[in-house]
Structures are given as structure tokens and as C-alpha cells.
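Colleague: structure of the sequence below:
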Amino acid sequence: QVQLVESGGGLVQPGGSLRLSCAASGSIFSISAMGWYRQAPGKQRDLVATITSGGSRNYADSVKGRFTISRDNAKNTVYLQMNSLKPEDTAVYYCNAKIRGGVATSLRNYWGQGTQVTVSS
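Modeller: Got it, this is the predicted structure:
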């Protein structure tokens, strides 16, 4: 089985920074895209940023210039550096990864359990 374990959430003041981490473990042959999504209370889950295995990045317009996604392929880990945080960034942040468990298996979509980020003074 595959698990995604997130860490790094918390409470931060507006203008502050946080760094989220998400490590994939278990039966992993290869990982394709990895990414971060967020869900605020009463709203749908939205894309924040994604990164391919080759390092191509995609960001939501609302976080461009403030957030940076990166990954360490050797550690099966994806990071989200969040700077200049705003109250509207408050949400549960979920890690996502598309993982192949074996050479002949198809890609499957996995989610982490979520980590709370609260931006408030």
C-alpha cells in the first residue's frame, strides 16, 4: 500500500511563511505528478500547485509569486514553500501524487490526510 504523510501546517500571522512537506511511502515503482490542493470551509477542493517528475510547475493564479512547489525524487517528497501568507490562504492543504506501484501497473491517484493552515493575527 501507499501512504502520503503531510507535515508543516499551523497558525501563522498574515505576511508570514510556512513550509509544507509530504512524503510518499510504501509500494512505489514510480511517481508521476505531485501536487498540493486546498479546501476552505464550505468550499470545494482547489488546485494550489503541481510539479511533474521532470520539474515542470503549475500554480493557481492566487498563489503565483508567493508559493513555490518543489520535490525531492530520491525521497519521494514534495514541498510547498508558502510566503506572504494571507487570511484567504486559510484552508486544509492536501498532498496528491500519481503513483505506479509496479512496472506493469497503472497510475493511481493518492491523497494525504490533510494539514490545517490558518493565517490570522
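Colleague: only C-alpha atoms for contact and neighbour calcs from this point on.
Modeller: OK.
Colleague: show the pLDDT at the residue of the chain most remote from its centre.
Modeller: In terms of distance from the mean C-alpha position of the chain, residue 104 ranks first, at 26.6 Å (CA atoms, centre = their mean). On pLDDT, residue 104 comes in at 83.
Colleague: does it belong to a helix, a strand or coil?
Modeller: Look at residue 104: counting by DSSP: H, G, I helix; E, B strand; the rest coil, its state is coil.
Colleague: what sits against it?
Modeller: Counting by CA atoms under 8 Å, 6 or more residues apart in numbering, residue 104 makes contact with nothing.
Colleague: can you give me the strands for this protein?
Modeller: Using DSSP state E, the strands of the chain run over residues 2-7, 10-12, 18-26, 30-39, 46-51, 57-59, 67-72, 77-82, 91-100, 107-111, 115-119.
Colleague: neighbouring strands of the fourth one in the sheet, and parallel or not?
Modeller: Going back to what we said before, that points to strand 30-39. strand 46-51 (antiparallel), strand 91-100 (antiparallel) (DSSP bridges).
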